[in-house]
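Undergrad: okay, predicted coordinates and the sequence, questions at the end:
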There are 2 protein chains.
Amino acid sequence: MILDSFGGPESFREVALAKPVAGEGQVLVKVHATSVNPLDYQVRRGDYKEYVPLPAITGHDVSGVVEAVGPGVTAFKPGDEVWYTPEIFNGDGSYAEYHVANEAIVGLKPRSLTHLEAAALSLVGGTVWEALITRVNLQVGETILVHGGAGGVGHIAIQIAKAAGARVITTVSSQNAGFVKGLGADVAIDYKQTDYVAAVLEATDGKGVDVVLDTIGGDTLQKSPLVLAQLGRVVSIVDIATPQNLIEAWGRNASYHFVFTRQNRGKLDDLARLVDRGLLKPVVGATYPLAEIGQAHARLEQKSNGLRGKIAIDVTA
Amino acid sequence: MILDSFGGPESFREVALAKPVAGEGQVLVKVHATSVNPLDYQVRRGDYKEYVPLPAITGHDVSGVVEAVGPGVTAFKPGDEVWYTPEIFNGDGSYAEYHVANEAIVGLKPRSLTHLEAAALSLVGGTVWEALITRVNLQVGETILVHGGAGGVGHIAIQIAKAAGARVITTVSSQNAGFVKGLGADVAIDYKQTDYVAAVLEATDGKGVDVVLDTIGGDTLQKSPLVLAQLGRVVSIVDIATPQNLIEAWGRNASYHFVFTRQNRGKLDDLARLVDRGLLKPVVGATYPLAEIGQAHARLEQKSNGLRGKIAIDVTA
């Protein structure tokens, strides 16, 4: 499914292309499943047009099977089940039946996940790992506020934060409170009915949280110091186009970390271990065939899309 | 020298007060020298009025001699030469002949410094230590951009960064290039004549720096990603009232740390060791008697004050 131009969800067009060939250090993967992320519709509408030459194959998640390996590949062989996030600012994306990738960014798929589940986890899992573990160094016993706990990133962040030994407070709309508690959240705040700042302070005896994970943008950066303890950290994985007044961050001795995911195998292996220990499992809220990738994008872009977890795309359907 | 009201440099008034008494865990110090910092004129003009009840003794640096100790004090005895930063949001400041402080925030003055020098270093040294060592974890071999290298904070930051093994690039006006190179700066950029972003990229072969120390405010936060390497860190010690667009920080995987100095003896002892090894020495650019504290404030507030390093205040004059 290619884009000839940037635009709405109708911009995708099905084309027949030759099967790509694995070059030096690359693997050719038969794609079984892919997924949809906010980054994908941002790319589709042209937010990164300077990095994505047209026509383009986009998409940021692959789960599939190695069909062939190029010269010099040592970590994989045909038949291996693999997962990864394509470097789409440096090659093709995943909305296709076949994909080639440098072996350095490819991991062995967690055994306990289906291809649909693995494809639902690669980008968001890698992003959360980078945010909470690599950058923020979340510690056992700390408290974290996860914004949007029922979403694609949020529902993974809750599980990884719990696995790291943190206490998790999260914001959701009321119908998702049970869902996030089932994932391990300690406190679910209904952000539509409640002032989340007051609710977080109440849940922490006025102390505030050690870490805020911003998955939503808007004014989250400038409001975060109001819910942060001294020396607290904010980590944002979203495009923050709104200028923010960070003066409150100063008195809190706060730190802000901005995360734009980088691909590497080590992170996928770390995630796979958590998954196979039963501590992390992506939730697939809806599945679409690749032919309906436009409908999947449109669904994710709706404000009230009724989704829990992620949309997966079945490429074999 | 007290403030009855917040306002201009003329607001200070000399009064005779009873010598304070050291309570439980406190030391009474005969103040030999104090200093002037931007934080001091911000306090004076009322930027922190909710934290500073009037009338107030302000001032953030003490170097002096212990005259008496209160019950339970174990670390100090009368006659000890000490230095520290008063907790003025929790008690009196240093613009006085005597001061009492909790022993936990007091350190033994570096032997190789005069009282004037020690008073010029306590707040700025503690702030730079917290920024570059505690928060940013500056590593040997990294490159740092220090904004305002000839200033009170900047001239200390250059020396501490060099002592930590970093390469130092700094901005100055042209007449101070020799001064900062004498302190150890590797590259001095004349920010009045040159675009500092272009100059930093040129000095780093286009890679950018690992750390930016913001001592100036304004739009430094949003411009910093333009001079940062991937995973670079910005540390700001200034009040940042201007809303900032941090979108460029995202693609750089940048971190921002905001530092509002906290007092503790450990940091002073760390600084004293560097001083006594000959790796750090404050520069006193001008000295005023305590009776002229208003003139000293006025001088520091001038944009082109011709100062290198710090203003010290001689309380014994």
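TA: Everything's here; your move.

Undergrad: only C-alpha atoms from now on, for both contacts and neighbour counts.
TA: Fine.

Undergrad: and residue A:232, backbone torsions?
TA: Main-chain torsions, residue A:232, degrees, to the nearest 10: phi -70, psi 160.

Undergrad: so what's the residue count around it?
TA: Residue A:232 is flanked by 23 other residues according to other Cα atoms under 10 Å in any protein chain shown.

Undergrad: packing partners for the longest helix anywhere in chain A?
TA: Ranked by residue count under DSSP state H, the longest helix found in chain A is helix A:115-128. Packed against helix A:115-128, as judged by 3 or more Cα pairs under 8 Å, 6 or more residues apart in numbering or on different chains; DSSP states H and E, are the following elements: strand A:26-36, strand A:62-69, strand A:81-84, helix A:154-163, helix A:265-276, strand A:284-289, strand A:310-314.

Undergrad: what is the neighbour count of residue A:223?
TA: Neighbour count of residue A:223, defined by other Cα under 10 Å: 16.

Undergrad: and the host helix or strand of it, what's its mean pLDDT?
TA: Taking DSSP states H and E as the criterion, residue A:223 maps to helix A:220-223. Summarised as a single mean, pLDDT over helix A:220-223 is 92.

Undergrad: work out the gap between it and the centre of the chain.
TA: Distance, stretch centre to chain centre, for helix A:220-223: 21 Å (Cα atoms, centre = their mean, to the nearest Å).

Undergrad: what does that helix rub up against?
TA: A:214, A:234, A:244-246, A:248-249 (Cα atoms under 8 Å, 6 or more residues apart in numbering or on different chains).

Undergrad: what about 10 Å?
TA: Contact partners of helix A:220-223, identified using Cα atoms under 10 Å, 6 or more residues apart in numbering or on different chains, comprise A:147, A:197, A:212-214, A:234-236, A:240, A:242-249, A:256, B:243, B:246.

Undergrad: follow-up on the earlier one: of all the helices and strands packed on helix A:115-128, which lies closest to chain B?
TA: Between chain B and the helices and strands packed on helix A:115-128, the shortest separation by Cα to the nearest Cα is 16.2 Å, and it involves helix A:265-276.

Undergrad: please parse chain A into its domains.
TA: A:2-123+A:262-314, A:127-258 (automatic domain parsing).

Undergrad: need the distance between the two termini of the last one.
TA: Put plainly, it is domain A:127-258. Its first and final residues considered, domain A:127-258 spans 11 Å by Cα to Cα, to the nearest Å.

Undergrad: near chain B, which residues of chain A? Just list them.
TA: A:131, A:135-136, A:221-222, A:231, A:233-262 (Cα under 10 Å from any Cα of the partner chain).

Undergrad: which of the residues you listed are buried?
TA: For the residues of chain A next to chain B, a neighbour count by 16 or more other Cα atoms under 10 Å in any protein chain shown gives the buried set as A:131, A:135-136, A:221-222, A:231, A:233-240, A:242-261.

Undergrad: now do the helices in the stretch 151-300 of chain A.
TA: With DSSP state H, counting those that start in this stretch as the criterion, the stretch 151-300 of chain A has helices at A:154-163, A:177-183, A:196-203, A:220-223, A:247-251, A:265-276, A:293-301.

Undergrad: which one is whichever residue of the stretch 51-200 of chain A sits closest to chain B nearest to, not counting chain neighbours?
TA: At 8.6 Å from chain B, residue A:135 is the closest residue in the stretch 51-200 of chain A, using Cα to the nearest Cα. Nearest residue to residue A:135, sequence neighbours excluded (Cα to Cα, 6 or more residues apart in numbering or on different chains): residue A:257, at 7.0 Å.

Undergrad: which residues touch the one you found?
TA: A:131-132, A:135-136, A:213, A:233-237, B:231, B:233, B:249-250, B:253-257.

Undergrad: okay, it and residue B:231: tell me how far apart.
TA: 9 Å.

Undergrad: equivalent analysis for residue A:101, please.
TA: 24 Å.

Undergrad: how about residue A:156?
TA: Counting by Cα to Cα - residue A:156 and residue B:231 are separated by 23 Å.

Undergrad: please pull out the lowest mean pLDDT helix or strand from chain A.
TA: helix A:247-251 (a mean of 89; mean pLDDT, DSSP states H and E).

Undergrad: show me what it is packed up against.
TA: Counting contacts by 3 or more Cα pairs under 10 Å, 6 or more residues apart in numbering or on different chains; DSSP states H and E, helix A:247-251 packs against helix A:220-223, strand A:228-236, strand B:255-258.

Undergrad: any chance of those in a markdown table, with distance to residue B:4 too?
TA: As requested, those are exported to a markdown table (distance: least, Cα to Cα, whole Å):
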| stretch | distance to residue B:4 |
| --- | --- |
| helix A:220-223 | 34 |
| strand A:228-236 | 31 |
| strand B:255-258 | 31 |
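
Undergrad: which one of the ones you listed lies nearest to residue A:77?
TA: strand A:228-236 (36.9 Å; Cα to Cα).

Undergrad: what lines up beside the closest one in the sheet?
TA: strand A:209-214 (parallel), strand A:255-258 (parallel) (DSSP bridges).

Undergrad: mean pLDDT for these - can I get that in CSV?
TA: Below are these laid out as CSV (pLDDT from 0 to 100):
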stretch, mean pLDDT
strand A:209-214, 98
strand A:255-258, 96
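
Undergrad: can I get those in TSV including distance to residue A:306?
TA: Below are those laid out as TSV (distance: least, Cα to Cα, whole Å):
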stretch	distance to residue A:306
strand A:209-214	21
strand A:255-258	28
